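Peer 1: quick one, what's the 3D model for this:
(one chain, ligands or ions: 1)
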Amino acid sequence: MNIKNYINGEFVNPIKNQWIDNYNPSIGEVYGKIPNSSEEDVEKAYQAAKNAFPSWSKTTLNERSAILSKISFLIKDKLEFLAKAESKDNGKPLTLAKAVDIPRASSNFQFFANAITQFASEAHESVGLNAVNLTLRHPIGVVGCISPWNLPLYLFTWKIAPAIAAGNCVVAKPSEVTPMTAFLLGEICNEAGLPKGVLNIVHGLGSTTGQAIVSHPNIKAISFTGGTSTGARIARIAAPMFKKLSLELGGKNPNIIFADCDYDKMLETTVKSSFANQGQICLCGSRIFVEESIFDRFKVDFIKKVSNLKVGIPVDPETNVGALVSKSHLEKVNSYIAIAEAEGGEILFGGHEVNVEGGENGYYLQPTIIEVKSNKCKLNQEEIFGPVVTIMSFKNEEEALTLANDVPYGLSATLWTNDLNRTMTMTQEIQAGIVWVNTWLMRDLRTPFGGIKSSGVGREGGFEALRFFSEPKNICIEYK
Ligand code: NAD
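Peer 2: Residues are numbered from 1 along each chain as shown. As a prediction, this is how the structure comes out:
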């Protein structure tokens, strides 16, 4: 099936007629083509967005909210269909796409449908000076949204929903590796009555289509989620044009386990935080640090639980670990397993590709646990973004903190303890944008989401996203 660009409410071929193969990673076969859009396609999308902006930015909040709610409803209504498309395109278990990806895409629209009706401007009365200041928040204009392949529709909509809720028009690009559900979203937007040109979706490679969006002089803000090196490249292009930038980048998140935790809950959750979505979630706890006194017990129990995970084809309801997203990504993850051996790491479980029935040419890898001796090794310092975790023991809080913070990244962290004082001191010292205590991936969409250090700049979620997608203007009025 050939995917098309969605520009001005219509599905169109790329102007230069250049196409990229789209793979089904669970069988390692091409199942369609997607446009490799050029600067001309991006320009066409920009023009459509620009033309739609005067009218869209003046729609009442109730009208905008109603359309966003309708999109949310339609995504929920088509859950089964969208989940199948997502799972086929990405390799993730169908059960996961049904339980997480598609419901969250629907929630993103519903959340911002509600949030925009509660987003208040501020007023500051300059007491004694007979003046009042109003802070108005106007939409920026045409904005760019670029998203990765790991949670395709989930992260695509996480950007688009607040952008259009705030009154902007959008030129968006999903990952070329997983374009399908973004393509299907176009039809849903038409069905929901989103005016033509408010959302435009151009498909293609990062180096061509993505770069054209980032370099476009009149696309004034870029919301990007993806790798740290891509983020740095985007920042280099966007900074001299003074674009507003939100960068959600990579992570190398610590999962810190103290002996006083609720052990069973910790074990259950640690299996998920290590291997959910084949470990391809920026929030996965890829570095596990365990207090010395329970280290041996943890190793035995963790290996036992992980060995029960079923690696299988995504459509099988029993599958826990599906296919990795692409051959090149599988090769990248494999290269880290090879490095582990060279660095003296001990593979406690996994480490091999899996020949899966019904998916013989697919990209399957065992969930892999590697014991490392030092946090300085490559495996602990670089983002692998696959079903590979490392484990190490620590002696006390101080050592745990040093290990947790000694990485270039600072996206999220998980802490397992029942000690209140330790919780309070450690959560304040851990260098991360999000710290979960005795849970993982629990999300309240009102909270700020994002990282520090090489994990990015800016925050998404709640009013933070609406602030990003609007420009504040101060009006100062003096009266007699
Ligand atoms: P990537 O950086 O390769 O690509 C992300 C997107 O950027 C894709 O749409 C790609 O086409 C586009 N792109 C690539 N080069 C570009 C360029 N020069 N200009 C403009 N656009 C360009 O990342 P990926 O491999 O798709 O995703 C995996 C990465 O995303 C991991 O590092 C992961 O940690 C990160 N991620 C971060 C978060 C977060 O919220 N912090 C969430 C999910 C994934």
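
Peer 1: in terms of pLDDT, where does Ala120 sit?
Peer 2: Per-residue confidence (pLDDT) for Ala120: 88.

Peer 1: count the neighbours of it for me.
Peer 2: One way to gauge burial is a neighbour count; for Ala120, by other CB atoms under 10 Å, it gives 8. No exception for glycine: its C-beta is placed from N, CA and C like everyone else's.

Peer 1: then Ser273?
Peer 2: Neighbourhood size, Ser273 [other CB under 10 Å]: 25.

Peer 1: how near is the spatially most central residue of the chain to the ligand?
Peer 2: Nearest residue to the geometric centre of the chain (CA atoms, centre = their mean): Leu155, 4.8 Å. In this structure, Leu155 lies at 6 Å from the ligand, with CB to the nearest ligand atom, to the nearest Å as the measure.

Peer 1: assumed Val435 was part of a strand.
Peer 2: Yes: with DSSP: H, G, I helix; E, B strand; the rest coil as the criterion, Val435 is part of a strand.

Peer 1: who's in contact with it?
Peer 2: For Val435, the contacting residues are 412-415, 427, by CB atoms under 8 Å, 6 or more residues apart in numbering.

Peer 1: that one and the ligand, how far apart?
Peer 2: In this structure, Val435 and the ligand are separated by 15 Å, where distance is defined by CB to the nearest ligand atom.

Peer 1: measure that residue to Val170 for me?
Peer 2: In this structure, Val435 lies at 32 Å from Val170, with CB to CB, to the nearest Å as the measure.

Peer 1: next, count neighbours for the closest residue to Ala182 other than its chain neighbours.
Peer 2: In space, and not counting its chain neighbours, Ala182 is closest to Pro174: 3.6 Å by CB to CB, 6 or more residues apart in numbering. The number of residues packed near Pro174 is 28, by other CB under 10 Å.

Peer 1: Ser274 now?
Peer 2: By the measure other CB under 10 Å, the count of residues near Ser274 is 25.

Peer 1: going forward, count from 43.
Peer 2: With the count now opening at 43, the last piece we talked about shows up as Ser316.

Peer 1: what stretches of the stretch 393-522 of the chain score poorly on pLDDT?
Peer 2: The stretch 393-522 of the chain contains no residues with pLDDT under 70.

Peer 1: tell me where it has strands.
Peer 2: Along the stretch 393-522 of the chain, the stretches classed as strands by DSSP state E, counting those that start in this stretch are 410-413, 430-436, 451-452, 454-458, 476-479, 494-495, 498-499, 512-520.

Peer 1: would you reformat the ones you listed as JSON lines and include distance to Glu52?
Peer 2: Compiled in JSON lines, the strands of the stretch 393-522 of the chain are given as follows (distance: least, CB to CB, whole Å):
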{"stretch": "strand 410-413", "distance to Glu52": "46"}
{"stretch": "strand 430-436", "distance to Glu52": "43"}
{"stretch": "strand 451-452", "distance to Glu52": "41"}
{"stretch": "strand 454-458", "distance to Glu52": "40"}
{"stretch": "strand 476-479", "distance to Glu52": "39"}
{"stretch": "strand 494-495", "distance to Glu52": "41"}
{"stretch": "strand 498-499", "distance to Glu52": "34"}
{"stretch": "strand 512-520", "distance to Glu52": "28"}
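
Peer 1: out of those, nearest to Ala91?
Peer 2: Judged by CB to CB, the one of the strands of the stretch 393-522 of the chain that comes nearest to Ala91 is strand 512-520, at 16.2 Å.

Peer 1: and the closest one, how far out from the chain middle?
Peer 2: Taking CA atoms, centre = their mean, to the nearest Å, one finds the center of strand 512-520 at 33 Å from the center of the full chain.

Peer 1: pull the residues that contact that strand.
Peer 2: Contact with strand 512-520 is made by 168, 171-182, 208-209, as judged by CB under 8 Å, 6+ apart.

Peer 1: for the ligand, see how far away Phe225 is.
Peer 2: When Phe225 is compared with the ligand (using CB to the nearest ligand atom), they lie 14 Å apart.

Peer 1: so which helix or strand takes in that residue?
Peer 2: Phe225 is part of helix 222-233, with elements assigned from DSSP states H and E.

Peer 1: what about that helix, average pLDDT?
Peer 2: Per-residue pLDDT values across helix 222-233 average out to 98.

Peer 1: other SSEs contacting it?
Peer 2: Contacting helix 222-233 under the criterion 3 or more CB pairs under 8 Å, 6 or more residues apart in numbering; DSSP states H and E are the following elements: strand 47-49, helix 103-119, helix 121-132, helix 194-207, strand 241-243.

Peer 1: what does the protein put close to the ligand?
Peer 2: Those residues of the chain that sit near the ligand, judged by CB under 6 Å from any ligand atom, are 188-192, 197, 215, 217-218, 247-249, 252-253, 256, 267-269, 272, 275-276, 290-293, 324, 425, 427, 453, 493, 497-498.

Peer 1: hmm, try it at 5 Å
Peer 2: Taking CB under 5 Å from any ligand atom, the part of the chain that reaches the ligand is made up of 188, 190-191, 217, 248, 252-253, 256, 267-269, 272, 275, 290, 292, 324.

Peer 1: what sits up against the one helix or strand Ala147 maps to?
Peer 2: Assigning secondary structure by DSSP H and E places Ala147 in helix 144-160. Outside of helix 144-160, the residues that reach it under the criterion CB under 8 Å, 6+ apart are 103-104, 106-108, 110-111, 113-115, 117-118, 121, 124-125, 128, 193, 195-196, 198-200, 203-204, 207-208, 223, 487-488, 504-505, 507-508.

Peer 1: next, the angle helix 194-207 makes with it.
Peer 2: Taking axes from the mean of the first three to the mean of the last three CA atoms, to 10 degrees, one finds that helix 144-160 is oriented at 10 degrees with respect to helix 194-207.

Peer 1: give me the below-cutoff pLDDT ranges for the stretch 143-292 of the chain.
Peer 2: Per-residue confidence for the stretch 143-292 of the chain (pLDDT under 70) gives no ranges below the cut-off.

Peer 1: OK, contacts around the residue nearest to Cys326 when sequence neighbours are not counted?
Peer 2: The shortest distance from Cys326 to any residue other than its chain neighbours is 5.9 Å, reached at Ser315 (CB to CB, 6+ apart). Contact analysis of Ser315 by CB under 8 Å, 6+ apart lists 297, 325-327, 456, 482-483.
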